[in-house]
Structure formats: structure tokens, C-alpha cells
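**Q** Give the three-dimensional model of this entry:
(one chain, ligands or ions: 1)
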Amino acid sequence: MNAVAGLLRVDPNPQPVEEARREEILAAPGFGLHFTDHMVLIEWTPGRGWHDGRVQPYGSLSLDPATAVLHYAQEIFEGMKAYRHGDGSVWTFRPEFNAARFQRSSWRMALPQLPTDVFVEAVDALVRTDAAWVPGGAETSLYVRPFMYASEVFLGVRPAEHATFCVIASPAGPYFPGDLKPVSIWLSQDYTRAARGGTGAAKCGGNYAASLIAQQQATDHGCAQVAFLDAVERRYVEELGGMNLFLVRTDGSIVTPELGDSVLDGVTRDSLISLLGDLGHKVEERRVEVAEWREGVAAGEVSEVFACGTAAVVTPVGVLKWDGGQADSAAPHGGAAGPVTSAVRAALVDVQYGRAADDRGWLHRVR
Ligand code: COI
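**A** Numbering: from 1, shown residues only. Reported below is the predicted structural model:
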């Protein structure tokens, strides 16, 4: 780590949010609405590598209108959380997984590679500095958003020769309000999210921009999220706008779409595969036909569906709607989360909040 020590200077915020206001925010944080007092910035150029790292007061970035990211969207990000345990200590969850995925996203988007120790230290430094912003309420956390963008001022189309890495943090409650009420999903048959050889496995802003028109259609149909099919045959479910998906079969086996270059390798997805194994379920990672979901629910072969992600944790899915029909996998559970969804969610959050043994060494102590 000692290549990293000293990389980040700390420039404290002379005007942090007042304690009373911060406590008011932490009592009902919402999602992505409020930001802590500091942020991390580190610059990269080919000649100097990573340099000028600092923890500085949170504030606006000033960008020249010709900054490359504003034109060609050369940008990537991560989503992570810091959890406060019962004894007041603060922990992140599998930060090296996020660092490795960030490197893969960088590679795909022709951005520079940020070493794992620098990534982890940058997140730790921000969480340590703003530890008072880690809420302690049930199911709350500090959502941490590392990102990198092409900051070179240049309109030619080529990989930028100046990139900026930034970390911001935002206290968070549930992504979907409503106390684990199953969400409804719109099946997009008009739009796809990612194609073979494309950027679907990279966590880049462009993937999310491309999902928004379909997300809008989902909202127009009264659904909270959209499910995307593969771009070639429009037959296999890949993922939701920003979450992975699992189907629980009545025989106890569980399926999730396999990874490939059009599906994001989710930290939560990966963790749930292990935890479901501990709960005695066999998880198959393979292509999943949408018919297996639609008709499987109707035939009583699929008993539960759930979505997962850092922001969404484990969210039960109820109705899947499409043009001309719907299938409700929550109906057999009285419109609530099914037993496998509830059990695996509890297994995950119990580790994250320090209530269960961390047998796999997933937790990383920050403070
Ligand atoms: C996350 O779960 O962290 C995500 O990135 C999903 C979304 C909030 C963009």
C-alpha cells in the first residue's frame, strides 16, 4: 500500500454541512440525493501517470465545453457501499471486486488503469474523512460512487490523454422505497441494452443512457424497471437497466443469465451465487429464455424472481409485463417476497452489517 501512502493530500472542507442538518439527512437519506463534505480527485496523463491526488471539499467540477467526455462519453463508474456495524465501525464490501471491474471497464473504454490499491485507498480515504456521514439506521449505508472520465480538452476522436478519477459519496436508504414490496418489470421488446462485442459488460455511463428510453416506457406502463433481451435473437433475458436477475424454480434450482460481453458482472450477483449455494440451492449460470420466465410462472415452474445490485441489494420481482400480457411471480406469496428471496437477502445483509460471520473475507474495515 506504500506506493499509495502520500498519494492523496487532504484539503479539509472549511464549511462542512452543519451537524443538525446532517443528522436530519441521515434520518431519511433517500437515494442519491445528498452528498458528503468531501470528494477525491486524482489526475492521469501519459507522461506523469496518476498524480495530484487529493481529498478536497465536495463541489462543482468546472469543465471546458470541449472536454472530451461531454462529446464522446468516455466515462466509467462503480457503485459500492460503506456499512456501519453495531459497534460503530465502518466497513466496505469486496472493494477489490469493484477495483478489478473498474479496470476491465477502463480497458473497454480505452481509459487508463487505476491500480487496485489506489482505488481501495481512494475509497477508504473518502469514507474515513466523511465517516460521520455513514448512517446507522436499519438498511442504510453510505453509497460510494467512484468514476473516471476523459478530461482532455480536445474534439478529435481518440482515447483521451488526460483522465480524471473521482470518488463521491451519498448516504442511502433503499433504492426502491416500499419495504421490500415486489417491483414490477416491463419487458422491452423495442430496445436492447447491449450487443455482442459492445460495452454491456463495462460499467460505463453510455449503457445507462441507452437504457433510459426503455426505462421511460417501463414507467409509462406502471413498472419500476425494464428487462432487456439479447440483441440478436430477442429471446434471452440479459439484465435489467442496472441490476442482475435470478429465477427460482419450483424444484429449488435457481438460474441467472450467464456472463458475457453484454451482461455486467455484478458484485451482488457473484456474492448471491455463493450464498445461495450455502442455502442448499444449485445455481445455474446459463442463457435464460424469456419464455422460461413468462410461461414458467404461468405453469407454476418458476416460484420466485428477484433482482440484485449494490443499490437495489436483493429486490423481489412481482409482475413481468409485456405488450399483450403479464406474469405475476409474487401472487403465490400473497404479493410479498418469496422465501428464497427473503433468505438470501438476509444472508447477504447479515454479512454486510456484521451480524453474521464473514467466512469469505468479503468485508474490508475502513474505520
Ligand atoms: C448500483 O447498483 O450500484 C448501480 O450502479 C445501479 C444504479 C444505481 C446505476
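
**Q** The closest residue to the ligand within the stretch 151-300 of the chain: neighbour count?
**A** The ligand sits closest to Gly242 of the stretch 151-300 of the chain, with a gap of 3.4 Å, by Cβ to the nearest ligand atom. Where you see a C-beta, it was placed from the backbone N, CA and C, and this is true even at glycine. Counted with other Cβ atoms under 10 Å, the neighbours of Gly242 add up to 22.

**Q** so it touches Ser211, yeah?
**A** Yes: here Gly242 reaches Ser211: they are 7.5 Å apart, a contact under Cβ atoms under 8 Å.

**Q** Quick one: name the residues of the stretch 101-250 of the chain near the ligand.
**A** For the stretch 101-250 of the chain, the contact set with the ligand under Cβ under 6 Å from any ligand atom comprises 208, 242.

**Q** and the residue of the stretch 151-300 of the chain closest to the ligand, that's in a strand?
**A** No: counting by DSSP: H, G, I helix; E, B strand; the rest coil, Gly242 is located in no strand; its state is coil.

**Q** Show me the domain layout of the chain.
**A** 9-172, 183-352 (automatic domain parsing).

**Q** Reformat the ones you listed into a markdown table and put distance to Arg367 next to each item.
**A** Formatted as a markdown table, these follow (distance: least, Cβ to Cβ, whole Å):
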| stretch | distance to Arg367 |
| --- | --- |
| domain 9-172 | 4 |
| domain 183-352 | 16 |
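
**Q** Tabulate the ones you listed (a markdown table), appending mean pLDDT.
**A** Shown next, in a markdown table, are the domains of the chain (pLDDT from 0 to 100):
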| stretch | mean pLDDT |
| --- | --- |
| domain 9-172 | 98 |
| domain 183-352 | 96 |
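
**Q** out of those, nearest to Val366?
**A** domain 9-172 (4.8 Å; Cβ to Cβ).

**Q** and that closest one, how far apart are its ends?
**A** Counting by Cα to Cα, to the nearest Å, you get 27 Å between the two ends of domain 9-172.

**Q** Stretch 215-225 too?
**A** 6 Å.

**Q** check contacts around Arg104.
**A** Residues in contact with Arg104, defined by Cβ atoms under 8 Å, 6 or more residues apart in numbering, are 201-202, 265.

**Q** oh, I was asking about Arg286
**A** Counting by Cβ under 8 Å, 6+ apart, Arg286 touches 255, 257-258.

**Q** So which of those residues belong to strands?
**A** Among those, the ones falling in strands (DSSP state E) are 255, 257.

**Q** Quick check: Trp293 vs Met80, distance?
**A** As judged by Cβ to Cβ, to the nearest Å, Trp293 and Met80 stand 29 Å apart.

**Q** scratch that, Val263 is what I was asking about
**A** 19 Å.

**Q** so what's Gly86 closest to, chain neighbours aside?
**A** Gly354 (6.5 Å; Cβ to Cβ, 6 or more residues apart in numbering).

**Q** what ranges do the helices span in this protein?
**A** 19-27, 69-72, 95-108, 116-129, 205-220, 267-278, 290-298, 339-352 (DSSP state H).

**Q** ok, how many other residues are close to Val305?
**A** Val305: 29 neighbours (other Cβ under 10 Å).
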